[in-house]
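Colleague: Would you be able to build a 3D model of this:
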Amino acid sequence: MTTREVEHEITVTAPAKAVYALLAEVTNWPRIFPPTIHVDQVEANGNEERIRIWATANGEAKNWTSRRTLDADALRITFRQEVTTPPVAAMGGTWIIEPLDDDRCRVRLLHDYRAIDDDPEGLAWIDEAVDRNSRSELAALKENLERAHADEELTFSFTDSVQVNGSAKDMFDFINEADLWAERLPHVATIRLTEDTPGLQTLEMDTRAKDGSTHTTKSYRVTFPHHRIAYKQVTLPALMTLHTGIWTFQETEEGTTASSQHTVTLNTANIAKVLGADATVADAREYVHTALSTNSLATLNHAKNHAERTS
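Modeller: Alright, predicted model coming up:
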């Protein structure tokens, strides 16, 4: 069996320990790395953990399970895919963070991998995916760390919730069945939903704004029946460079609490173009927050009516 070994690296203007801490916290990866859709920590035991990752590779959504060993003293994180996705037969590697001085470090990303049956086409596909994703991840890591201070103002999260006299399953089904949203939701003009892999969806949607205009977004969604749907937008409106979210459905003694959580990073380059020359970051935050909350609450309330009629 042929094992390929490759290495990518980048220099980051940030302390080595800060870089390590960011890489060690996998739940934030969708905000940091463009290919990553969602990450779940499945189990943790000391410095060992098992994680499940959903990400795009060469434009295709994939998912896999990995084991990681974290070494904070050596500033190293080793990983090995436990459950791979074709054409990958085996995949592993190491993050190595090397201090250059107090405020700079070198980040090295090592991979070793094999293709199923040593298939040349499969190996070429993996070569391209690893190279593209590694370059993307390292560039995003550098940008996120070096702009951390600015991002504190530009990145924000919020949650909208409704109480439902109905089941979590009925609420989940309404959000999961996005292919019916054009019939069910007034603000959705058209919808295109595919689910080639169960639980992993691609959702393209044309949404109507208050002024009657429409904008197109594309998201990848990961579903966890019947309590959670996580998503990441990859085609974004002009005022955002990042939008991730999670729909959650939790049954209580009174019924179900259904919530929509958003995390957004503003695109400052487009604020003046969209909101006018005098608009501020605060104006953009309010505009984006209001627009997303309006659509989320409209969707949750339509889901609530559906669930309460169904129960």
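Colleague: From now on I want contacts and neighbour counts done on CA atoms only, so please keep to that.
Modeller: Fine.
Colleague: where does the stretch 51-200 of the chain dip in pLDDT?
Modeller: For the stretch 51-200 of the chain, applying pLDDT under 70 flags the ranges 148-152.
Colleague: What segments of it are helices?
Modeller: Listed in chain order, the helices found in the stretch 51-200 of the chain under DSSP state H, counting those that start in this stretch are 120-146, 148-154, 168-176, 181-184.
Colleague: now for the lengthiest helix in the chain, which elements pack on it?
Modeller: Counting residues, the longest helix found in the chain (DSSP state H) is helix 281-310. Using 3 or more CA pairs under 8 Å, 6 or more residues apart in numbering; DSSP states H and E as the contact criterion, the elements in contact with helix 281-310 are strand 155-164, helix 168-176, strand 255-266, helix 271-275.
Colleague: So for Thr27, which of those sits nearest?
Modeller: strand 255-266 (12.6 Å; CA to CA).
Colleague: In CSV, list the C-alpha atoms belonging to the closest one.
Modeller: Coordinates of the C-alpha atoms in strand 255-266 are reproduced here as CSV (Å, rounded to 0.1, in the frame of the first residue of the first chain):
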residue,chain,number,x,y,z
GLY,A,255,-43.8,21.3,25.8
THR,A,256,-40.8,22.1,23.6
THR,A,257,-38.3,25.0,23.6
ALA,A,258,-37.2,25.7,20.0
SER,A,259,-34.3,28.0,19.3
SER,A,260,-32.3,29.4,16.5
GLN,A,261,-28.7,30.4,17.3
HIS,A,262,-26.6,32.5,14.9
THR,A,263,-22.9,33.4,14.8
VAL,A,264,-22.0,36.2,12.3
THR,A,265,-18.9,38.0,11.2
LEU,A,266,-19.5,41.3,9.5
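Colleague: How about it, which residues are buried there?
Modeller: By neighbour count, with 16 or more other CA atoms under 10 Å as the criterion, the buried positions of strand 255-266 are 256-266.
Colleague: What are the contacting residues of it?
Modeller: For strand 255-266, contacts defined as CA atoms under 8 Å, 6 or more residues apart in numbering pick out 151, 154-168, 171, 239-251, 284-285, 296, 300.
Colleague: Which parts of the chain belong to which domain?
Modeller: 4-146, 152-310 (automatic domain parsing).
Colleague: give me the number of residues near Arg309?
Modeller: 11 (other CA atoms under 10 Å).
Colleague: where does it land on pLDDT?
Modeller: pLDDT, Arg309: 92.
Colleague: distance of it from His302?
Modeller: For Arg309, the distance to His302 equals 11 Å [CA to CA, to the nearest Å].
Colleague: Also Val188?
Modeller: Taking CA to CA as the criterion, Val188 is separated from His302 by 12 Å.
Colleague: Check Glu9 too.
Modeller: When distances are taken as CA to CA, Glu9 and His302 turn out to be 48 Å apart.
Colleague: With Val234 instead?
Modeller: Using CA to CA, one obtains 25 Å as the distance from Val234 to His302.
Colleague: just Cys105 next, same as before
Modeller: With distances defined as CA to CA, the gap from Cys105 to His302 amounts to 50 Å.
Colleague: Looking at those two now, which is surrounded by more residues?
Modeller: For Cys105 against His302, the residue with the higher neighbour count under other CA under 10 Å is Cys105, and the figures read 21 against 18.
Colleague: Show me what that one bridges to in the sheet.
Modeller: Listed by DSSP bridges, the beta-bridge partners for Cys105 are Val12, Pro99.
Colleague: give the contact list for it.
Modeller: With contacts defined as CA under 8 Å, 6+ apart, Cys105 is in contact with 11-16, 97-99.
Colleague: what does Leu154 give?
Modeller: 264-266, 281, 285.
Colleague: before we move on, back to that, any chance of JSON lines for the helices of the stretch 51-200 of the chain, columns distance to Ala209?
Modeller: Below are these laid out as JSON lines (distance: least, CA to CA, whole Å):
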{"stretch": "helix 120-146", "distance to Ala209": "30"}
{"stretch": "helix 148-154", "distance to Ala209": "23"}
{"stretch": "helix 168-176", "distance to Ala209": "20"}
{"stretch": "helix 181-184", "distance to Ala209": "14"}
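Colleague: Many thanks, I have nothing further to ask.
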